[in-house]
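1. the sequence and its predicted three-dimensional model are supplied below.
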Amino acid sequence: MASASQKTTPCAHHGASAPPPPKLLSAVESVIRPVDSIPDTAKKPANKGISVTPRSETKHPLDPLSAAEISVAVATVRAAGANPEVRDSMRFIEVASVEPEKHVVALADAYFFPPFQPSLLPRTKAGPVIPMKLPPRRARLVVYNKTSNETSVWIVELSSVHAVTRGGHHRGRVVSSQVIPDVQPPMDAEEYAECEAIVKDFPPFIEAMKRRGIDDMDLVMVDPWCVGYHSEADAPSRRLAKPLIYCRTDSDCPMENGYARPVEGIYVLVDMQNMVVIEFEDRKFVPLPPPDPLRNYTPGESRGGVDRSDVKPLEIIQPEGPSFRVRGYFVEWQKWNFRIGFTPREGLVIHSVAYVDGSRGRRPVAHRLSFVEMVVPYGDPNEPHYRKNAFDAGEDGLGKNAHSLKKGCDCLGFIKYFDAHFTNFTGGVETIENCVCLHEEDHGILWKHQDWRTGLAEVRRSRRLTVSFFCTVANYEYGFYWHFYQDGKIEAEVKLTGILSLGALQPGETRKYGTTIAPGLYAPVHQHFFIARMDMSVDCKPGEAYNQVVEVNVKVDEPGENNIHNNAFYAEEKLLRSEAEATRDCDPFSARHWIVRNTRTVNRTGQLTGYKLVPGSNCLPLARPEAKFLRRAAFLKHNLWVTRYAPDEKFPGGEFPNQNPRAGEGLATWVKQNRSLEESDVVLWYVYVFGITHVPRLEDWPVMPVEHIGFTLMPHGFFNCSPAVDVPPNPACELDTKDSEMEKAFRWEINNFSENKSVMKSDRFSSGGCEWYKTRIIKIFSFLIRNSIFEQMEKAFRWEINNFSENKSVMKSDRFSSGGCEWYLCVYPKGKIVDDHLSLFLNVVNFRKLLPGWRRQASFSFVVLNQSGKVLHRTVEKSRLFCAEAPSWGNSKILPLTKLQEDGVLENNKLIIEVNIKVTKVADEGKSTENEIVVVHGFHVLNSQVVSVSNMFVKHPDVAVDIRSDIREVKTAYMNILLGLVQTLDKPPQSLSETELSNADSELSELTDAGFKLDWLKSKLEEVSLKRKEPSSHLKVELDKEKIESTAAPAPRVSPFECIVVLIKKFFLACFAGH
């Protein structure tokens, strides 16, 4: 039963687009264009994130519908109604996007949206084919006609502009509509609220409640439940509900637990179409249970137990923000990337799950993951409990019953929230704010080993990325979670909490079908079954179908020659060749599990790559096979079903399980086709092994502590070794020494350091009762390097500028070293961005040649002085992240130019600038972390460079076929130079200096010598050089600029930090070799 009230907010209209049609080959062919018309340039990058490509598409085909798209879809269907009566009778059960065929998703991911994979583009003999646009998005609407009791399904095409307008309302285009006979769609919260009001106003019901001592109808709670299907009386020709009745004790207490006083003996049947009570009977007088003093769960309730006021705050702090990146609904984290979706029925959906695996690039794992059904049958044969067998997704909707999550309560840490948009019963649009939560969690130890001989240990902490939402279905709450781990695992988890569904007892009565909770109160036994649908794509690009499923059972070897010690056992595999073979059950005695393998991809041992499904807590349906609810839930008869992918096979019990009279609809019917699974696009349906039998405890009252159940998708031969070995150590663990007596501060003063040319050794020192020279020296030097060198590396660079007022254009200082890298200053005498102020910036030298991932977190400040040392201006200290994308930071408003023109300010026309720098953190040494890079045509490039590199290879596919180096870092450096060169030549010719053109010519020669085919770029350089020689009013300014630049580049110097590192390495080698 849906919650009668949700915290939602009205939603404003926004621009829209929508998912593509079911049949798209012809549609795709009609929207493609030749490769030679691909645009050359991308839009200017935003301040944060990657470059934005000049594509017309604004919404990915898998994105959930926006509020505006839902409004357009509803208005379009309404307008298509035959007459006003039909339009007024329409009730909107569900509006969701039509997910496109997989090759359309491939087109979107190849060219229009991240992860930008040009290799997915269709190819012809002439080369790759670039789509001009994607097919329009579409919406699917389930509509209930309240007058005719008919259910219909509509498909509406949503254009990106919605140009056709009537009466001020945007319209889409109806593609199809169909009336579905003999079904009832899910119930709606608005219907439940109306049903409660009808029952509470029904005179016989009022009399029955008076008989039980209740005169105040405000105390009464009516929870309508779908009737299911037990006989022809429940046929879908009528829309029916049978309410459960409860009663509060205090109408002034909104947080009172009303489920603590069930009302039994009253039978009510409601016609939900016409909203009338059609059957009523006060069958048996059962006294109301007395108010339980422990029934409430609010903070003010006293339990008379131990005081909890000693709980201290526990905070999750991420001072540098999260490790994940989100662009729209696209998420990237620790080599994982995927898309987030949401539907009214399933709630959270995970699309296009892939792992970025070094040189192998982006490797798909699953096309779509979701929870598609939840069945809760009760085990008490008495009225009304035998009818309690809810299909919470198909009869109500998990997504529609989601609620807003609160920071610090449902999720902790740095959180990214996603809103969800739905239609209400009458066609309005509502928004559930903060509906989906995305955040990181610490998850204990990832791996650890200590060498017992040396005492050396390595340990890594595990971190996981969690995507989740919570929903309330009547008395129960369910949290649905997908966890992604650094070792390649995916874990599905459901958290059950909320309030038990109770029954009333006669005085002195007990029931074996439940647990007595309090006098006159008991909780029936029941089961929870969750069905996960996993559309797998292990190492398969969209459109490929190279997967198979094998079952693994661990066998005990028979006694004999091969098992003389009686200890032998082994894993035996069985290929599931067809759908009939692939209806399987769990077997804990053989540790049974299943592996989805790619038939055309192998690992380094020659075995097929795969992902295995590891079962979690499981149980069987405890009802007899003849139980009525199993007619609609035939999918519960096996733990695992495997089907060949079909786009219309989405829900295990069929699309409309509410009052469904047809036995075995859904999975049980589909597998009768017995389609081949030997090399195909497979879908796993993991059923009720993912269930829990709930025999209630007193500890589950008044609100149930969370119960955890789930399963795992685990790599099995997918990688060549553990993918977690490259997880870096936690600095907080490595440097935490205050709690250990073994960590003493040893001080070593080295005089005349620069005069020492060879390795230097310290004196011996004691710690922990013995002397050290290896293990502890290593650790202490690590400590000194990381804490002392970088903290003390605060250098004042002084730059004296003579004849300052005569300089009109930008001036550059000499290079200087600090924090292990080289810098230079730029001063703008006429201002940068702000024209009337002196501007000053700190820059990284040769930023174009930095390795991908190179970053430095540096604090800096400027001091501006005159010749006498008088401070003209001092800036506050700033901390900024320097990287290849942002190599320059500073101040555009140092001093007003009028200030410098005042008498006595500049003595002898000389300006002095000092900069203080402290590299507070070496954010990255330039070893390109995998979660920040993408492999494009064999080059490891930043996400922000993917579009530029992809476009280059589309236009010039042979640009790197003859490159002479296979070393990753060298290739990356060359690509950075090439991208910088292209960027330089894209500038207006008149803005380029002779120095820049000379450097470009030199870089072009270097790249050509390395094997790049750059005739096209050489022609462009010649063209730019010719255009630059045309007369320009800026010529004198540029000449001045060249003079300054020609004196601003002394030879590079080796930094003190690099010297120290080399010496320490030699020191360690000498220690280990000589001692």
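-> Received the coordinates, thanks.
2. just checking, what packs against the longest strand anywhere in the chain?
-> Assignment by DSSP state E gives strand 429-450 as the longest strand of the chain. Strand 429-450 sits against strand 9-10, helix 67-79, strand 336-343, strand 416-423, strand 457-473, with contacts defined as 3 or more C-beta pairs under 8 Å, 6 or more residues apart in numbering; DSSP states H and E. In short, each C-beta sits where N, CA and C put it, glycine included.
3. the third one pairs with which strands?
-> Paired neighbours of strand 336-343 in the sheet (DSSP bridges): strand 330-333 (antiparallel), strand 347-356 (antiparallel).
4. out of those, flag the one nearest Ala80.
-> strand 347-356 (28.2 Å; C-beta to C-beta).
5. before we move on, the earlier item: looking at the strands paired with strand 336-343, which is buried most?
-> Neighbour counts (mean count of other C-beta atoms under 10 Å) averaged over each of the strands paired with strand 336-343 peak at strand 347-356, with a mean of 23.
6. ok, then the element right after it?
-> Using DSSP states H and E, the helix or strand that follows strand 347-356 in sequence is strand 362-377.
7. list the neighbouring strands of that next one plus their orientation.
-> Next to strand 362-377 in the sheet, as set by DSSP bridges, lie strand 347-356 (antiparallel), strand 389-391 (antiparallel), strand 526-536 (antiparallel).
8. output those strands as JSON lines; include the columns mean pLDDT and distance to Gln990.
-> Shown next, in JSON lines, are the strands paired with strand 362-377 (pLDDT from 0 to 100; distance: least, C-beta to C-beta, whole Å):
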{"stretch": "strand 347-356", "mean pLDDT": "98", "distance to Gln990": "42"}
{"stretch": "strand 389-391", "mean pLDDT": "95", "distance to Gln990": "70"}
{"stretch": "strand 526-536", "mean pLDDT": "96", "distance to Gln990": "55"}
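9. Cys411 is nearest to which of those?
-> Nearest to Cys411 among these is strand 347-356 (13.5 Å), distances taken as C-beta to C-beta.
10. that closest one: how far from the chain's middle?
-> 8 Å (C-alpha atoms, centre = their mean, to the nearest Å).
11. restricting to C-alpha, output it in PDB.
-> The C-alpha trace of strand 347-356 is given here as PDB (Å, rounded to 0.1, in the frame of the first residue of the first chain):
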ATOM      1  CA  GLY A 347      12.900   3.400  -8.100                       C
ATOM      2  CA  LEU A 348      16.700   3.500  -8.600                       C
ATOM      3  CA  VAL A 349      18.100   2.100 -11.800                       C
ATOM      4  CA  ILE A 350      21.800   1.800 -12.600                       C
ATOM      5  CA  HIS A 351      22.700   2.000 -16.300                       C
ATOM      6  CA  SER A 352      25.800   1.300 -18.400                       C
ATOM      7  CA  VAL A 353      28.100   0.000 -15.600                       C
ATOM      8  CA  ALA A 354      31.700  -0.200 -16.700                       C
ATOM      9  CA  TYR A 355      35.200  -0.300 -15.300                       C
ATOM     10  CA  VAL A 356      38.200   1.600 -16.800                       C
END
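12. now that strand against strand 457-473, angle please.
-> 160 degrees (axes from the mean of the first three to the mean of the last three C-alpha atoms, to 10 degrees).
13. any idea of the angle strand 347-356 forms with strand 429-450?
-> Relative orientation of strand 347-356 versus strand 429-450 (the same axes, to 10 degrees): 40 degrees.
14. tilt between strand 347-356 and strand 416-423?
-> Here the directions of strand 347-356 and strand 416-423 differ by 140 degrees (the same axes, to 10 degrees).
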